[in-house]
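*Asks:* mind folding the following:
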Amino acid sequence: MTPPGHEDHDGGDRPPLPDGNPDLRHLLARATAVEQRVRHAVETRQRTDPDPEDAFRGLYLTDENIARLLDEEQARGFPVPMPPDDEAAAGTTRPSRLTSLATDFGLTPLDTEILIIALVPDLDDRFEAFYGYLNDDVTRRRPSIGLALGLCGVPPADAVARGRLAAGAPLREAALLLAEDQDRPFLSRALRVPDRVTAHLLGDDTRDPRLADLTAPWHAMAGVGDPAPLARVLAGGVRLAYLSEDQGGAGTALAASALELAGRGVLGVDLARLAADPAPADAVRSLVREARLTGAGLVCAPLDAVSREHPHLLRLLTATPVPTVMVGRVPWDASWSPVPPLLLHAPRVEPSVRGALWSEAYRRSAAAPVPAAIDPDGLLAPFLLTPEQVTGAAVSAAQTARLDGGTLTPDHVRRGARAQNAAGLDRLARRIEPTVTWDDLVLPPDTHAQLRELTARARHRDRVLGEWGMRPGGGRGRGVSALFAGDSGTGKTMSAEVIAADLGLDLYTVDLATVIDKYVGETEKNLERIFTEAAGVNGVLLFDEADAIFGKRSDVKDAHDRYANVESAYLLQRMESFDGLAILATNLRANLDDAFTRRLDLVIDFPVPDAEQRLVLWERCLGRVLPRDADVDLPFCAENFELAGGNIRSIAVTAAYLAADSGGAVTMATLIHAIQREYQKLGRLTLASEFGPYLGLLTAP
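*Replies:* Reported below is the predicted structural model:
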């Protein structure tokens, strides 16, 4: 039987080798040598085949064939020698990609030849028929391990040669060669070269599509730290480094800059996506192979995503020969790698650098400079952003400005920065987009001034605590914390909203239902989740009714007291290390532990408004749109009813509903009725001395 495509013994009908791709010329030259050995193998098979004209050959084995295989004593192997990896055969003087691959991956000449034998079906489809013929099975059109060893002139029982195709050998370990059909005996397993390796050898550097969902576009950025020391050690042979960072850290940009300075490319790895991959171990091999093929180093972040539940992925990533820089916020655990990493701390993106990065990213996105009226340094000062988030914020601002007509405003800058927030905190706290301003607050002058001071602390904390080093040591973060103390309805929540609006941040109100848990230790876990998610968000964190979870520690009389004190002690430590803006609101300041107040930056009291302030509140709550009868006596209401702003707001809403139901305007009668309903809610008596001449307007209970 003549195998398909074997009629051309001289190869005369083959197209000439291409001139434009020396790597392809080299591969085809190597394939020609494989073809010579294949011809020799086919001729040997034909001479010894008892029935070469059998039309069903390859679909079954006859008794004669079985006897021949059992009685065969001749040594397997072919006299055609393996050719040297000679670039001259391809007409080029530079090392071919095949030669470079063999050097970079530590391949032996036998490894290289086996790789070529497995590769040639992807270069010349005639080899599919050749291999099917030599495998005695027309459906098996890839070389088996036994066939590949035979074509290399190596006995199939040679332990050293078989070891070069074992799972831990360079070809297999680096995913340059795949051995399929694992349920078959070792020698009959098919060999295949992955498409990405074939493309690389042909000169194509397109990234493996398998990695599209795992990689991140981290790249070098100027001005975010000094990459020279890290670049120097990476170029000197250090293979593993860990950059710890805080919120807004420049770890990934610094790592990318160092790799580029060391003469390497950058392959960013999103560890959160890698952990969610259905076959993470295979993904790691593909990532490492991609880095080695392209001469890149790995920048892996965030380490926090895999450090607890997927430490095996860290062991895989840290055991590679590729320069790898890990970036995260958690302390390094020595069990993650047998090789100790170089431990460094990545700096934050300071306010001045932050504005420059934003301006450059906006200029590229909008194809125009930043308007002179926009101050990125000042607008972005309250935000803790990584270099990548700064770039994303600029692009988002440019897009929003384009949607609104093309003119960039401060609100666009803030909205772009808020768009970089993670969504995890939304599941644990209620997000409020601020809609009120300083003009909406009715507070005593001193309270108002303290709120302004709190805003200034949040805006300038990077400069004061970072650049000026006014909070050294102790593991304390750059966070700002304050206590709002006062009766219900005195403006604590609205003040938090005003501060968030002034800073351009969102307000997150922590729902105590998601925090308090009757089981020991669960409350701390819930709070830790909130603080952890808040670390990825630029927002104001408001703990309403804070005395419920920040209460005083007491003498230990039973197990409940002991664990309640542990909970309070944990919160004391966690508040100190928090980097954001946290506000605690309470109606019962006396119930808070003294240790909390010492650690707070400001304690602001919200008193019940006086008569003058109540009159302003009545006017604002009733507004200008709501129809109001001429008999409405707001000075009387302000003077006689000692109510907080929240109560006055509730009364105004009730009066509006009564007016809408009657089809008329708000009258003094409807207002007195609304006040009576509010008193009933509060459990207060309706005294004649308070209602005065309007006592007769009260409805009978």
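*Asks:* residue boundaries of the helices in the stretch 301-450 of the chain?
*Replies:* Ranges of helices within the stretch 301-450 of the chain are 304-307, 311-318, 351-366, 376-380, 387-403, 410-418, 445-461, based on DSSP state H, counting those that start in this stretch.
*Asks:* a markdown table please, covering the ones you listed and showing distance to residue 129.
*Replies:* Bear in mind the C-beta positions are built from the backbone N, C-alpha and C, glycine included. As requested, these are exported to a markdown table (distance: least, C-beta to C-beta, whole Å):
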| stretch | distance to residue 129 |
| --- | --- |
| helix 304-307 | 47 |
| helix 311-318 | 39 |
| helix 351-366 | 54 |
| helix 376-380 | 65 |
| helix 387-403 | 51 |
| helix 410-418 | 60 |
| helix 445-461 | 72 |
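*Asks:* quick check: beta-bridge partners of residue 249?
*Replies:* Assessed by DSSP bridges, residue 249 has beta-bridge partners residue 348.
*Asks:* tell me how far it lies from residue 536.
*Replies:* Here the criterion is C-beta to C-beta, to the nearest Å. By it, residue 249 lies 12 Å from residue 536.
*Asks:* neighbour count winner among the two?
*Replies:* Neighbour totals were compared for residue 249 and residue 536, and residue 249 leads with 26 against 19 (other C-beta atoms under 10 Å).
*Asks:* wait, that one sits on residue 386?
*Replies:* Yes. Residue 249 is within contact range of residue 386, at 6.4 Å (criterion: C-beta atoms under 8 Å).
*Asks:* any residues in contact with both of these two?
*Replies:* residue 349 (C-beta atoms under 8 Å, 6 or more residues apart in numbering).
*Asks:* if you count neighbours, what's buried in stretch 578-594?
*Replies:* Within stretch 578-594, the residues scored as buried using 16 or more other C-beta atoms under 10 Å are 578-587, 589, 592-593.
*Asks:* Serialize those residues to TSV and add fields for pLDDT.
*Replies:* TSV is the format used below for the buried residues of stretch 578-594 (pLDDT from 0 to 100):
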residue	pLDDT
578	81
579	82
580	85
581	89
582	88
583	90
584	86
585	87
586	83
587	83
589	72
592	67
593	66
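*Asks:* looking at those, which is nearest residue 149?
*Replies:* Using C-beta to C-beta, residue 579 comes nearest to residue 149 of the buried residues of stretch 578-594, at 60.3 Å.
*Asks:* does the closest one touch residue 247 like I think?
*Replies:* Yes. Counting by C-beta under 8 Å, residue 579 touches residue 247, with 4.7 Å between them.
*Asks:* give me the common contacts of these two.
*Replies:* 384, 535.
*Asks:* quick one: contacts for the nearest residue to residue 467 once chain neighbours are set aside?
*Replies:* Of all residues not flanking residue 467 in the chain, residue 350 sits nearest, at 6.4 Å (C-beta to C-beta, 6 or more residues apart in numbering). Shown in contact with residue 350 (C-beta under 8 Å, 6+ apart): 462, 466, 467.
*Asks:* which of those residues has the most neighbours?
*Replies:* Greatest neighbour count in these, by other C-beta under 10 Å, goes to residue 462: 22 neighbours.
*Asks:* that one reaches residue 478, doesn't it?
*Replies:* Yes. Judged on C-beta under 8 Å, residue 462 makes contact with residue 478 at a distance of 6.7 Å.
*Asks:* which neighbours do those two share?
*Replies:* With C-beta under 8 Å, 6+ apart as the test, residue 462 and residue 478 both reach residue 384.
*Asks:* pretty sure residue 172 sits against residue 163.
*Replies:* No. If you go by C-beta under 8 Å, residue 172 and residue 163 don't touch, sitting 10.5 Å apart.
*Asks:* ok, the closest residue in space to residue 311 that isn't next to it in sequence - how many residues close by?
*Replies:* Leaving aside its sequence neighbours, residue 311 sits nearest to residue 336 (C-beta to C-beta, 6+ apart; 5.8 Å). Residues near residue 336, counting by other C-beta under 10 Å, number 21.
*Asks:* please report how far residue 336 lies from residue 320.
*Replies:* Noted for residue 336: a distance of 13 Å to residue 320, by C-beta to C-beta.
*Asks:* give the next helix or strand downstream of the worst-scoring helix or strand of the chain on mean pLDDT.
*Replies:* One helix or strand of the chain scores below all others by mean pLDDT, DSSP states H and E: helix 63-71, with a mean of 49. On the C-terminal side of helix 63-71, the closest following helix or strand by DSSP states H and E is helix 97-104.
*Asks:* now find how far off-centre that following helix is within its chain.
*Replies:* A distance of 34 Å separates the centroid of the chain from that of helix 97-104, by C-alpha atoms, centre = their mean, to the nearest Å.
*Asks:* list the buried residues of that helix.
*Replies:* 97, 98, 99, 100, 101, 102.
*Asks:* which other helices and strands does the next helix or strand after it contact?
*Replies:* Using DSSP H and E, the helix or strand that directly follows helix 97-104 along the chain is helix 109-119. When contacts are defined as 3 or more C-beta pairs under 8 Å, 6 or more residues apart in numbering; DSSP states H and E, helix 109-119 packs onto helix 22-48, helix 97-104, helix 145-151, helix 170-173, strand 191-192.
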